[in-house]
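Visitor: Next input, structure requested:
(chains A and B)
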Amino acid sequence: MIQPRTLKGFRDHLPAQALARERLLEVARRIYRSYAFAPIDTPALEYLEVLTGKGSDETDKQLYRFVDHGGREVGMRFDLTVPFARFAAQHAHELGLPFKRYHMATVWRGENTQRGRYREFMQCDFDTIGTTSPVADLEMVLVVHDLLAAIGLERFTIRINDRRVLAGILERLGLAGQATGVLRSLDKLAKAGPEKVAAELAEQGVAEAATTTLLEMAQLTGPNAEVLPRLADLAGEGRGGAGVAALEGIVAGAQAAGVPSGRLVIDPGIARGLDYYTGIVLESFLDELPSLGSVCSGGRYDNLAGLYTKQPLPGVGASLGIDRLLAGLEELGQAPARETPAELFLAHFDPAHVNDYLAIAAALRQAGIAVEFFPEPRKLGQQLKLADKRGIPAALVIGSDEFKGGTAQFKDMAAQTAATIDWQGDIATLVAAVRERLAGTAAG
RNA sequence: GUGGCUGUAGCUCACUCGGUUAGAGCGCCGGUUUGUGGUACCGGAGGUAGCGGGUUCGAAUCCCGUCAGCCACCCCA
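Guide: Below is the predicted model:
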């Protein structure tokens, strides 16, 4: 016997979880499309050099790599940004700029696992490339907002910052050269606390006065209207000032687009470890589960595909981590409890009427109703019990008596009520009646 | 990858200093009810204690290894 098992960080998805996942994907797809992002797909496997080109040593360590049957050095994608960069470089001339795409796919990272942190997980990226317009930046914020709202989250916060603010302040402090290290340290502020960050900065040779300024900056909190002027003071003119102005524009634009205030917060402490960001950066958190980390992050970059083409491709985009989000929803008890897509259970009551059942099921399905027709003429009680256990919202019972009278019994499983449908043997009438009643059930 | 905690039935957990056939609740299956699901009652199935090795007369219990989950670091979705 081979022991059935899965690798560390790789998971099976049972119906309840898979349904919840698919629902998130559907919502994401709908929102992306509503902003006119177009779908693309790329291979799971790439030439190793394509993936490691940008390679920080960290991503190199996490990369799944091997030599394929043809002796090629290959790697599995660990995010969707690098494949997109390659894709953009390869197809830029056929795309037309600016170009907006979304890409929902599985990625692999050989890192250590934790809750909401897996070795195989799905990302839902969207990016706009070929424009530096602040409108594109704003759009990213709006998409993230609409996405999290459409998923049904009530309490979430999108935190934004602008790398130029950080860069400007670092320049003023004479720390431009060690930006990456300083940003990495600042990024830990929320988790590690100011003392730890101060100590780390000191280790990097940052002067005490500079550390004080940086921490003051990173810990600015309050309503956007209060944070902005204080940030402007710290940032001064030049790049920093431009960053503050950009943030101001985003806040105003988001308000104009109807984002409730409080959901979008300027947080100068958001630095993001990735060093390719050059403008706005964004992270989003579930208010009840901050420890889960960001479920959707992104930002603006100057040049997406510099490794693969001379054509400069500036862009802005973000990535929704649906597996992490799903872990969060589960923990909050907000994941749907259903384990079947069926909307209606059709009891297999009288075996003599199988063909009638099949005809009815076919008509219902034609009408867009997901029907489970029970395959065996088991005891009615058992059938209903199973339908209830699966969480099917409604059941249709038609026995020989009903067939004789041209009626049907429609049961609302959650409400435990039954109603009689009079259809006189006309399937179209039955379908219309079922559809109407389904709209009234809990799932409708 | 480094360090720590955990691993007993489908799920949540118990089993006093290592000591007989490892228990409970929930869930599951069946019956009471050969045409009607959440309650009640009755009955039943299900565990080589993650896996492998060691110590011991004897291991779920102690030790080592391994696999997996979680937590911290790191990094990030």
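Visitor: Which of the three states applies to the residue nearest to the spatial centre of chain A?
Guide: Centroid check for chain A by C-alpha atoms, centre = their mean gives A:L320 as the closest residue, at 3.0 Å. Here A:L320 is recorded as strand under DSSP: H, G, I helix; E, B strand; the rest coil.
Visitor: Would you confirm that it contacts A:G298?
Guide: No. If you go by C-beta atoms under 8 Å, A:L320 and A:G298 don't touch, sitting 9.1 Å apart. In this view, the C-beta of every residue, glycine as well, is placed from N, C-alpha and C.
Visitor: For the two, list the residues in contact with both.
Guide: Counting by C-beta atoms under 8 Å, 6 or more residues apart in numbering, the contacts common to A:L320 and A:G298 are A:V144.
Visitor: excluding its backbone neighbours, what's nearest A:D302?
Guide: Of all residues not flanking A:D302 in the chain, A:T278 sits nearest, at 4.5 Å (C-beta to C-beta, 6 or more residues apart in numbering).
Visitor: Helix or strand: which one has the one you found?
Guide: strand A:277-286 (DSSP states H and E).
Visitor: what pLDDT, on average, does that strand get?
Guide: Average pLDDT, strand A:277-286: 92.
Visitor: Same question for stretch A:350-363.
Guide: 94.
Visitor: So which bits of it are buried?
Guide: A:350, A:353, A:357, A:360-361, A:363 (16 or more other C-beta atoms under 10 Å).
Visitor: returning to what we had before: so the residue nearest to A:D302 touches A:L166, yeah?
Guide: No. If you go by C-beta under 8 Å, A:T278 and A:L166 don't touch, sitting 10.5 Å apart.
Visitor: For the two, indicate the residue with more neighbours.
Guide: A:L166 (28 against 18; other C-beta atoms under 10 Å).
Visitor: got a pLDDT number for A:A318?
Guide: Reported pLDDT for A:A318: 95.
Visitor: what's the burial count for the closest residue to it other than its chain neighbours?
Guide: Among residues not flanking A:A318 along the chain, A:G298 sits closest, at 2.5 Å (C-beta to C-beta, 6+ apart). Using other C-beta under 10 Å, A:G298 has 28 other residues around it.
Visitor: A:G298: what's it in contact with?
Guide: Contacts of A:G298 by C-beta under 8 Å, 6+ apart are A:140, A:144, A:281-282, A:316-319.
Visitor: So which of these would count as near RNA strand B as well?
Guide: Applying C-beta under 7 Å from any atom of the strand to the contacts of A:G298, one finds that A:S319 fall near RNA strand B.
Visitor: Return the residues in contact with the residue lying closest to A:E331 once chain neighbours are set aside.
Guide: Using C-beta to C-beta, 6+ apart and skipping the chain neighbours, the partner closest in space to A:E331 is A:L289 (6.4 Å). Contact analysis of A:L289 by C-beta under 8 Å, 6+ apart lists A:328, A:331-332.
Visitor: circling back: the residue nearest to the centre of chain A and RNA strand B: what is the separation?
Guide: Distance of A:L320 to RNA strand B, computed by C-beta to the nearest atom of the strand, to the nearest Å: 7 Å.
Visitor: Many thanks, we can stop here.
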